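A.B. asks: Below is the structure, and that's it, no one-letter string:
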């Protein structure tokens, strides 16, 4: 049954000011539960996405647990549902946390963080993929919301599922404020969608926002329906499924009815929103708020399983908190908080549920003018959220039990307990793409594009405490594993320390030169001749790197993967004299490495330009359209520029330069001050006082042509 179209009207008044609705006392923990619920749903449904109900039953049976091993794929993968959700929310941060954020500004965020044909979206082509169609509109200069409008793209394209699947972050910054959540959902969704897709996104966002303060499912649904027209197809679908639920006790019988009325065959396009929101409502009602039962229903039912399970998992995580994910099957253990957000912001790809939860909460706080939270003294890993491990796992072969526990923390309330035996044990977490993720390139729709988060020259600090019941002192040392010339992992250690029972202490280690190879993991080694316990309070690192990013002497291939490729063609061929050859056919391309946490540093590269409009060296790179750069420009110019929703020349000089000749460019950033050098001579400087970029990666940049370079050096 296809419901008739209706006027596209929005019935509600503007949302109340965020400051009028207080944060719940357990806000951070509930956001964390929502983020975990989203991740669990996506990881659970991803391996059999778009399978039919009949195929799922025949090959897998009812879905009660993760099935990735049965299908020979990793559990933790890059996925559009997760990358889009947490990437598009960065529009708030990038535009000063304004509650008046516009669709056009969110569209700028798309253009900055997406790398065409490589990150976040399903790049299915103009007219087939709604998001790809919207991206091409944005790239052509058509701003949002026109970029996603029915008037421009037609309802077949505009009413697919994407607005719904990316919407959870906007709800989580609006706890107890469904009007604000629905309003943000409209703004964000309209970048790429229109019509019923917007209404579906508003319903999901309002459900999730209200779930912070309301647990009754009927009242939640009633509340969400207030934000869409009463005669829209989404509202009538929900009423129909609620009526079905009242008279049909069996979820499988109800699913068959829903498939007949709202199946994909009833709608046009690749993945229409209506069949999928129908299953979310069905699983919400028949799951009766139970997380595991709801995951079984939503995933066994088929259609877009990872998208639907992700939305429903987020909603139920918010509604029930971390307790909703406990009991029965272990949903959290295999995930271990791990998350990949593959974008042009190279250092934010390797993430975890805790980091993203804190970013969500801080976005909501800063939108209200409140200071951001700094848990664990601002350390990257602090274990302050119950059950969190932030990707820390026992290294293969280590006999070690991990648990998040109360106490034993000088920085907060919780710590990570490491229970060891009479042996050597190691625990570590990823700082770069794990081998299993890299080996899946081309085997899943989304590759992991990432830079390491940790580099030589940076100082790692870990605070620890030995259990008072330990029978003897324990020997500890930090270590890291890096990819070597054989594309395997080699280990290097920091200095040793010993802790007596009941004593706390700190380990500090400046990461040594790794010969240009990427750091893959940071960890802690425990050596003892008797069983005991150690508590890891916090671990993090600081400072600018001291590193040369070129072709390592030891060889291998994974050093190339440390660069996020944002050019049309990137060649790193061993037989060529230069390590890097960048080719951009149209517009501007960047090859990026580093992290947003890099602030004050000096970068140097010797480049040769071949038929370019411009090319050079960029610093504080925060994506494809946010950076400072020192550029040689065709026509005899050397320019110091800032890219931020357009390119502004900060300083320039006339300069005769030649194609195919080498030019050594250096760019130094310190606070708001930039200094540029050419062939060892100081040439340009500028102060940026208007929305300065405060930190970011390094990049080589080329505009319409070819650039070659052998190495990029970064130092404090």
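C.D. replies: That came through fine. In this text the structure is predicted, and so the values were computed from the model without any measurement.
A.B. asks: Phi and psi next, for residue 185.
C.D. replies: Torsion angles at residue 185 (phi, psi; degrees, to the nearest 10) stand at phi -60, psi -40.
A.B. asks: do residue 58 as well
C.D. replies: phi -70, psi -40.
A.B. asks: tell me which element residue 44 is part of?
C.D. replies: helix 27-45 (DSSP states H and E).
A.B. asks: What are the buried residues along that helix?
C.D. replies: 27-45 (16 or more other Cβ atoms under 10 Å). Using the backbone N, CA and C atoms, a C-beta is placed for each residue, glycine as well.
A.B. asks: counting contacts, what elements does that helix pack onto?
C.D. replies: helix 80-88, helix 168-172, helix 291-300, helix 305-320, helix 332-335, helix 353-367 (3 or more Cβ pairs under 8 Å, 6 or more residues apart in numbering; DSSP states H and E).
A.B. asks: Show the average pLDDT along stretch 475-492.
C.D. replies: Averaged over stretch 475-492, pLDDT sits at 96.
A.B. asks: Pick the most deeply packed of the helices and strands packed on helix 27-45.
C.D. replies: Highest mean neighbour count of those: helix 168-172, a mean of 32 (counted as mean count of other Cβ atoms under 10 Å).
A.B. asks: Strand partners (parallel or antiparallel) of the top strand by length along the chain?
C.D. replies: Counting by DSSP state E, the longest strand found in the chain is strand 697-715. Counting by DSSP bridges, the strands paired with strand 697-715 are strand 547-550 (antiparallel), strand 580-593 (antiparallel), strand 601-610 (antiparallel), strand 614-621 (antiparallel).
A.B. asks: Residue ranges in the protein under the pLDDT threshold?
C.D. replies: Under the criterion pLDDT under 70, the flagged ranges of the chain are 1-19, 442-443.
A.B. asks: Spit out the contact partners of residue 594.
C.D. replies: 346-347, 451, 455, 545, 621, 696-698, 714 (Cβ atoms under 8 Å, 6 or more residues apart in numbering).
A.B. asks: hmm, I was thinking of residue 651
C.D. replies: Contacts of residue 651 by Cβ under 8 Å, 6+ apart are 639-640, 676, 684-686.
A.B. asks: again, but for residue 28
C.D. replies: Listed by Cβ under 8 Å, 6+ apart, the contact partners of residue 28 are 357-358, 361, 373, 385.
A.B. asks: rewinding a little: with mean neighbour count added, can I get the strands paired with strand 697-715 in CSV?
C.D. replies: What follows is the strands paired with strand 697-715, written out as CSV (neighbours: other Cβ atoms under 10 Å):
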stretch, mean neighbour count
strand 547-550, 21
strand 580-593, 22
strand 601-610, 21
strand 614-621, 27
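A.B. asks: got TSV for these, with distance to residue 705 too?
C.D. replies: Shown next, in TSV, are these (distance: least, Cβ to Cβ, whole Å):
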stretch	distance to residue 705
strand 547-550	22
strand 580-593	7
strand 601-610	6
strand 614-621	7
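A.B. asks: I'd like to know which of the ones you listed is closest to residue 301.
C.D. replies: Closest to residue 301 of these, according to Cβ to Cβ: strand 580-593, at 40.2 Å.
A.B. asks: what does that closest one contact?
C.D. replies: Against strand 580-593 from outside (Cβ under 8 Å, 6+ apart): 344, 346, 451, 549, 562-573, 615, 618, 621, 624, 627, 697-710, 712.
A.B. asks: Which among those count as buried?
C.D. replies: Buried, going by 16+ other Cβ under 10 Å: 344, 346, 451, 549, 562-568, 570, 572, 615, 618, 621, 624, 627, 697-710, 712, out of these.
A.B. asks: In stretch 550-562, which of the residues would be classed as buried?
C.D. replies: 550-552, 556, 558-562.
A.B. asks: same question but for stretch 229-241, I mixed them up
C.D. replies: 229, 232-235, 237-238, 240-241.
A.B. asks: what ranges do the helices span in the stretch 201-350 of the chain?
C.D. replies: Along the stretch 201-350 of the chain, the stretches classed as helices by DSSP state H, counting those that start in this stretch are 217-225, 233-247, 251-262, 273-287, 291-300, 305-320, 332-335.
A.B. asks: Let me have the ones you listed in CSV, adding distance to residue 662 as columns.
C.D. replies: Shown next, in CSV, are those (distance: least, Cβ to Cβ, whole Å):
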stretch, distance to residue 662
helix 217-225, 61
helix 233-247, 60
helix 251-262, 63
helix 273-287, 54
helix 291-300, 57
helix 305-320, 48
helix 332-335, 48
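A.B. asks: Show me how this protein divides into domains.
C.D. replies: 26-340, 374-542, 563-715 (automatic domain parsing).
A.B. asks: any idea which of those is most buried?
C.D. replies: domain 26-340 (a mean of 22).
A.B. asks: next one: that one to chain centre, how far?
C.D. replies: 16 Å (Cα atoms, centre = their mean, to the nearest Å).
A.B. asks: out of the strands paired with strand 697-715, which comes closest to residue 306?
C.D. replies: The nearest among these, by Cβ to Cβ, is strand 580-593 at 27.7 Å.
A.B. asks: Next, the contact list for residue 530, please.
C.D. replies: 422, 470-472.
A.B. asks: go with 6 Å
C.D. replies: Contact analysis of residue 530 by Cβ atoms under 6 Å, 6 or more residues apart in numbering lists 422, 471-472.
A.B. asks: again, but for residue 664
C.D. replies: Contacts of residue 664 by Cβ under 6 Å, 6+ apart are 606, 679.
A.B. asks: So it, which state does it fall into?
C.D. replies: strand (DSSP: H, G, I helix; E, B strand; the rest coil).
A.B. asks: beta partners for it?
C.D. replies: Beta-bridge partners, per DSSP bridges, of residue 664: residue 606.
A.B. asks: can you start the count at 349 instead of 1 from here on
C.D. replies: OK, 349 is where the count begins now, so the last one is residue 1012.
A.B. asks: my guess is residue 572 meets residue 556, correct?
C.D. replies: No: Residue 572 sits out of contact with residue 556 when judged by Cβ atoms under 6 Å, with a separation of 9.0 Å.
A.B. asks: Give me the distance between stretch 962-976 and the centre of its chain.
C.D. replies: That offset, for stretch 962-976, works out to 20 Å (Cα atoms, centre = their mean).
A.B. asks: got it, and stretch 895-905?
C.D. replies: 27 Å.
A.B. asks: For it, measure first residue to last.
C.D. replies: 18 Å (Cα to Cα, to the nearest Å).
A.B. asks: Leaving out the residues flanking it, which one is nearest to residue 381?
C.D. replies: Leaving aside its sequence neighbours, residue 381 sits nearest to residue 665 (Cβ to Cβ, 6 or more residues apart in numbering; 3.8 Å).
A.B. asks: what residues are up against that neighbour?
C.D. replies: Residue 665 touches 381-382, 384-385, 672, counting by Cβ under 6 Å, 6+ apart.
A.B. asks: mind checking how far it is from residue 433?
C.D. replies: As for residue 665, its distance to residue 433 is 13 Å (criterion: Cβ to Cβ, to the nearest Å).
A.B. asks: can you check residue 913 too?
C.D. replies: From residue 913 to residue 433 the distance is 23 Å (Cβ to Cβ).
A.B. asks: picking up where we left off before, adding distance to residue 406, write the helices and strands packed on helix 375-393 out as JSON lines.
C.D. replies: Shown next, in JSON lines, are the helices and strands packed on helix 375-393 (distance: least, Cβ to Cβ, whole Å):
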{"stretch": "helix 428-436", "distance to residue 406": "26"}
{"stretch": "helix 516-520", "distance to residue 406": "32"}
{"stretch": "helix 639-648", "distance to residue 406": "12"}
{"stretch": "helix 653-668", "distance to residue 406": "15"}
{"stretch": "helix 680-683", "distance to residue 406": "25"}
{"stretch": "helix 701-715", "distance to residue 406": "33"}
